[in-house]
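Student: Have a look; sequence and predicted model below, questions after that.
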Amino acid sequence: MHQTNTAPQITADYLAHTRQKRVMNMILLVVFVALLIGGFSTANARNAGGFWNGLPNVFDFPADVLSEAWERAHLLPGYFVKYLPSLIETVNIAGAATLIGALFAFFAALLATRGLAPAPWLVGPLRRLLDVLRAVPEIVVALVLIFLLGGGPVPAMIAIALHTVGALGKLFSEVNENASLKPVDGLASVGAGWLQRMILGVVPQVAPNYLSYTLLRFEVNIRASAILGFVGAGGIGYDLRNTMSWGQGKFDEAAAIFLLLFGTIIIVDQVSSHFRNRLTHGRAYKDKGAIL
């Protein structure tokens, strides 16, 4: 008798909870749409000329670049050679920032992982520090460093490295939390120190994921390095800004830089994806993909 009385009550409570949830979702949707419309209206009012007035001209610039590049297509190989050193500088900035950031992220992640940190009180502050490094955009840090150090690749490398520490530190710590503690406990039982336990007990388990995330971050950092060139941080982005600022007569060079950067990102993405799949899935994944 008690069960028959309880079942309708559970059904009624569930329906009431569902209705309440739907009402809250509708309120949130209305608030989101209102904020979206308000933000767009404010931005449109402050935009020179207005968004809707400039919308018909949105394809004018790409059309000018493509038409000029088509007319001077025979000059593109020479431009590729001309801007190749700047492209190499961009890749070097990304590579150095990735290596430095991954190294610091490695130690920060071990110190910020619950159950692995030698001092548990360090976990909270280190995680907040990683959040701050990850939250501040590279371009903001680069602008401050350019003001302090002057233009060039060094501010870009430092800015990207700091952001990489925050991003990889979080990913590495999450990987560490999934590692088995049995090897760590075994090493501790024979008197191994904390660093020995980490190097011999944890790193062999998480190294493939560490390398996979580092390669993925390298792809992201190449794009970030190119973008930072627009604010005077060197690399091919700086040349792209100069050619685009010049206007007519330099659009063919801008197209060549776009093609160089686009091709580099595709090549790095494909090579990185191959090695990341091998690291995380092994040879079996490759054989399976070849069969499919």
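Tutor: Received, thanks.

Student: Name the helix or strand for the nearest residue to L84 once chain neighbours are set aside, please.
Tutor: Closest residue in space to L84, ignoring its immediate chain neighbours: L260 at 7.3 Å, by Cβ to Cβ, 6 or more residues apart in numbering. All C-beta spots, glycine's among them, are computed from the backbone N, C-alpha and C. L260 is part of helix 251-281, with elements assigned from DSSP states H and E.

Student: what do you get for F80?
Tutor: Using DSSP H and E, F80 falls within helix 76-111.

Student: same check, this time on A69
Tutor: Element membership of A69 [criterion: DSSP H and E] is helix 60-71.

Student: Check which helices and strands that helix sits against.
Tutor: Counting contacts by 3 or more Cβ pairs under 8 Å, 6 or more residues apart in numbering; DSSP states H and E, helix 60-71 packs against helix 251-281.

Student: Just the mean pLDDT for the helix it packs on, thanks.
Tutor: Per-residue pLDDT over helix 251-281 has a mean of 83.

Student: can you check stretch 20-40 too?
Tutor: Across stretch 20-40, the average pLDDT comes to 90.

Student: Same question for stretch 194-202.
Tutor: 87.

Student: so who does the nearest residue to L110 once chain neighbours are set aside touch?
Tutor: Excluding its sequence neighbours, the residue lying closest to L110 (Cβ to Cβ, 6+ apart) is M198, at 5.3 Å. M198 makes contacts with L110, L116, V184, as judged by Cβ atoms under 8 Å, 6 or more residues apart in numbering.

Student: Would you mind checking which helix or strand in the chain has the lowest mean pLDDT?
Tutor: Lowest by mean pLDDT, DSSP states H and E among the helices and strands of the chain is helix 283-291, with a mean of 46.

Student: For the helix holding F80, which helices and strands make contact with it?
Tutor: Helices and strands touching helix 76-111, by 3+ Cβ pairs under 8 Å, 6+ apart, are helix 123-135, helix 153-177, helix 203-228, helix 236-246, helix 251-281.

Student: Right, I'll call it a day here.
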